[in-house]
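show me the folded form of this:
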Amino acid sequence: MTQPDRESRVITVRLFAAARDRAGSDSVNVELPAGATIGDLRSVLGVSVPTLHAVSRHLLFAVGTEYATDASAVPESDEVVAFPPVSGG
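Next up, the predicted model:
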């Protein structure tokens, strides 16, 4: 990956369950523009990791210990995690 310019940054996204299996890794790095949202991250993730493209719109995201919506800002320092919806009882 190229070095990000001053208007972008590299975010590490930890992947869980089927997202991890599809990516073949427990984390991926993606470059995002400054001020990016989780929705931006979702879009970039689906392109940067082609094996996640089919499921990227269904992934849930969390920042730190809180769920994040597509409108949530991607933080400078907190951990971002992505995982598919789960069901069970």
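
quick one: average confidence on the longest helix along the chain?
In terms of residue count, the longest helix belonging to the chain (DSSP state H) is helix 38-48. For helix 38-48, mean pLDDT rounds to 96.

who's in contact with that helix?
If you take C-beta atoms under 8 Å, 6 or more residues apart in numbering as the criterion, helix 38-48 is touched by 11, 13, 28, 30-33, 36, 52-53, 56-57, 59, 61, 63, 68-74, 80, 82. Any C-beta I mention is one placed from the backbone N, CA and C, and that applies to glycine too.

out of those, which end up buried?
11, 13, 28, 30-32, 36, 52, 56, 59, 61, 63, 68, 72, 74, 80, 82 (16 or more other C-beta atoms under 10 Å).

narrow those residues to those in strands?
If you go by DSSP state E, the buried ones among the contacts of helix 38-48 have Ile11, Val13, Val28, Val30, Glu31, Leu32, Phe61, Val63, Ala68, Val80, Ala82 in strands.

among the residues you listed, which pair sits farthest apart?
Distance extremes for these: the farthest pair is Glu31 and Ala68 at 18.7 Å, using C-beta to C-beta.

any low-confidence regions in the protein?
Along the chain, the model assigns pLDDT under 70 to residues 1-6, 87-89.

so Val63 versus Phe83, what's the distance?
13 Å (C-beta to C-beta, to the nearest Å).

er, Leu52 I mean
In terms of C-beta to C-beta, Leu52 sits 12 Å off from Phe83.

before we move on, what about Arg14?
Counting by C-beta to C-beta, the separation of Arg14 from Phe83 is 9 Å.

start and end of stretch 12-22, how far apart?
For stretch 12-22, the first-to-last residue distance is 17 Å (C-alpha to C-alpha, to the nearest Å).
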